[in-house]
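*Asks:* requesting a structural model of the entry that follows:
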Amino acid sequence: MSSVDRVDKAWHTTGIEKYSNAAILGSLGHYGVAVTEAEFLELTKEDFPLAIAMGWHERWKGTGQFSRFPAAAAEELWRRLKGGELAPTDLSLASVNLLTALNGALENRPDDGTLEARFKVVEGYLLRVPEAGERREKFMAEMAGAMGDWLEVLDGMAEALARKSLPALADRFVVIEEGMFHVRVGTSAALVKAAKGDVYGALVDLKLIAGDAKRDDFARLSAIDGLFQYDQIDDAKAYTLELIDRAEQLKDVDLASEAVERLTRLLKIDPKRKDRAELRTRVEQLSRVLEASRE
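*Replies:* Okay, here's the model as predicted:
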């Protein structure tokens, strides 16, 4: 294979976009990942670019400027070969841009029209996210991972806008947040309602979600977190215990792990509770079940 068939060391500064598919694939093969365009497209039926790159890293031999080449290569090949299909990093980058513009609104900086444009990009991208099932879960997990610390900014943005007396922006952003993370539907809106001043109404909404056995279990956990946020400890306890019973009944390890985390949080908030022995016992019992499931 000649050097023409590979990406040179300057790719890191000049950008991978200027290189051909043959050069990108040639460099992948040179450093331990032999893959064709057809094989790459097969991988995309199951995973998104960053997950594909993580699989490649298991046998990657590149160092220096090529140590992070798999992620860049997977992203670029996705853009070229997937016919415009949205990648998780497309949504994460657009979301960061929107959050940056919204931070400007929080700081009373004048808007030159950028904010509306960035809202429209994210709203448009959301229409292209996989609708349901495992593929959507993989997409959103990769998108959230790509956001890094910006995910925490996203989590609190709608409430921050509401507290800043920017209700229209808060309402518009909470639709985006709940569109991204379906387990937050209703809960995020309730927290915005509280931030606007209607704490009583928000708590009614959160309790309805947390106590609704027909809801997704993780959506109920999201509402329980909202109750914790507003110091509704006894209600949070009651609904968490319901989910612990459900986790035990279904032998659902993921739900059990999340429920244990909430009970542990409750004990840390109030270590002198009258029912602390009972709660510790439930935590220990469920922790043993979780430990056994990992063996």
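*Asks:* could you list the low-pLDDT ranges of the protein?
*Replies:* Filtered on pLDDT under 70, the chain yields the residue ranges 1-4, 289-290, 292-295.
*Asks:* for it, which residue is closest to the average position?
*Replies:* Nearest to the centroid of the C-alpha atoms of the chain, with distances taken as Cα atoms, centre = their mean, sits A144, at 3.2 Å.
*Asks:* in what helix or strand does it lie?
*Replies:* helix 133-147 (DSSP states H and E).
*Asks:* so what touches that helix?
*Replies:* 47-51, 88-89, 91-93, 95-96, 129-130, 151, 154, 180-181 (Cβ atoms under 8 Å, 6 or more residues apart in numbering). C-beta coordinates here come from the backbone N, C-alpha and C atoms, glycine included.
*Asks:* cool, and stretch 222-240?
*Replies:* Outside of stretch 222-240, the residues within contact range by Cβ under 8 Å, 6+ apart are 183-184, 186-187, 190-191, 194, 199, 202-203, 206-207, 209-211, 220, 243, 259, 262-263, 265-266, 269-270, 275, 279.
*Asks:* mind running it again at 6 Å?
*Replies:* Among residues not part of stretch 222-240, those counted as contacts by Cβ atoms under 6 Å, 6 or more residues apart in numbering are 183-184, 187, 191, 206-207, 209-211, 259, 262-263, 266.
*Asks:* now do stretch 171-184
*Replies:* With contact meaning Cβ under 6 Å, 6+ apart, stretch 171-184 is reached by V122, L126, M157, A158, V185, S188, A189, V192, F218, A219, S222.
*Asks:* turn those into JSON lines, columns for secondary structure, neighbour count and distance to A101.
*Replies:* JSON lines is the format used below for these (DSSP: H, G, I helix; E, B strand; the rest coil; neighbours: other Cβ atoms under 10 Å; distance: Cβ to Cβ, whole Å):
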{"residue": "V122", "secondary structure": "helix", "neighbour count": "20", "distance to A101": "10"}
{"residue": "L126", "secondary structure": "helix", "neighbour count": "16", "distance to A101": "17"}
{"residue": "M157", "secondary structure": "helix", "neighbour count": "23", "distance to A101": "11"}
{"residue": "A158", "secondary structure": "helix", "neighbour count": "27", "distance to A101": "14"}
{"residue": "V185", "secondary structure": "coil", "neighbour count": "18", "distance to A101": "24"}
{"residue": "S188", "secondary structure": "helix", "neighbour count": "23", "distance to A101": "19"}
{"residue": "A189", "secondary structure": "helix", "neighbour count": "19", "distance to A101": "22"}
{"residue": "V192", "secondary structure": "helix", "neighbour count": "23", "distance to A101": "19"}
{"residue": "F218", "secondary structure": "helix", "neighbour count": "15", "distance to A101": "30"}
{"residue": "A219", "secondary structure": "helix", "neighbour count": "19", "distance to A101": "29"}
{"residue": "S222", "secondary structure": "helix", "neighbour count": "23", "distance to A101": "26"}
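*Asks:* all good on my end, thank you.
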